[in-house]
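Chemist: build me a model:
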Amino acid sequence: MAHWQDGRAVLRVGADPTGIPIEIAASYGARTRGLLGRDGIDGAMLLTPAASVHTFRMRFAIDVAYLDRGFGVLAVVTMAPGRLGLPRLRARHVLESAAGAMAGWGLRAGTTVEVDVPGRLTGG
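Modeler: Coordinates of the predicted model:
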């Protein structure tokens, strides 16, 4: 698989053709910054590679989905600000969104997602 780069993409959940806008944070700086300093997010952020996250200095609660190498969802949790998430075995990517958003998208453990990056297709 080609190396990931910071940028924008579209997330597709299950058979739903509606795309969810995502930001890809692949560089060390972008992953470290994540959603810090923001008041919310429209869509989601994909951290790659990543196996855990924290919400220290976050301004809002987030949903966190841990994804395996094939973009299968291993677990989905909601984290309040000021928390440290434990690393998930087999997680290779982490998806973050505003708390409650993932349930609305039908994203849950066992779901497989696709990440459509301009010029390439990943997952599914």
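
Chemist: next up, the contacts around Pro87.
Modeler: For Pro87, the contacting residues are Ala51, Ser52, by CB atoms under 8 Å, 6 or more residues apart in numbering. No exception for glycine: its C-beta is placed from N, CA and C like everyone else's.

Chemist: what separation is there between Asp116 and Leu11?
Modeler: For Asp116, the distance to Leu11 (CB to CB, to the nearest Å) stands at 8 Å.

Chemist: more neighbours: which of those two?
Modeler: Regarding Asp116 and Leu11, a neighbour count based on other CB atoms under 10 Å identifies Leu11 as having more, with 23 against 16.

Chemist: off-centre distance for whichever strand or helix holds that one?
Modeler: When elements are assigned from DSSP states H and E, Leu11 belongs to strand 7-13. Once both centres are worked out by CA atoms, centre = their mean, to the nearest Å, strand 7-13 turns out to sit 10 Å from its chain's centre.

Chemist: centroid residue for this protein?
Modeler: Ranked by distance to the mean C-alpha position of the chain (CA atoms, centre = their mean), the top residue is Leu95 at 1.0 Å.

Chemist: mind checking which helix or strand it is in?
Modeler: Assessed by DSSP H and E, Leu95 sits inside strand 93-98.

Chemist: partners of that strand, with directions?
Modeler: strand 44-47 (antiparallel), strand 62-67 (antiparallel) (DSSP bridges).

Chemist: and the ones you listed: which comes nearest Thr78?
Modeler: Ranking the strands paired with strand 93-98 by proximity to Thr78 (CB to CB) places strand 62-67 first, at 5.4 Å.

Chemist: tell me the strands beside the strand or helix carrying Val113, with direction?
Modeler: Assessed by DSSP H and E, Val113 sits inside strand 113-117. On the basis of DSSP bridges, the sheet neighbours of strand 113-117 come out as strand 7-13 (antiparallel), strand 120-123 (antiparallel).

Chemist: mean pLDDT lowest for which of those strands?
Modeler: Across the strands paired with strand 113-117, strand 120-123 has the smallest mean pLDDT, namely a mean of 57.
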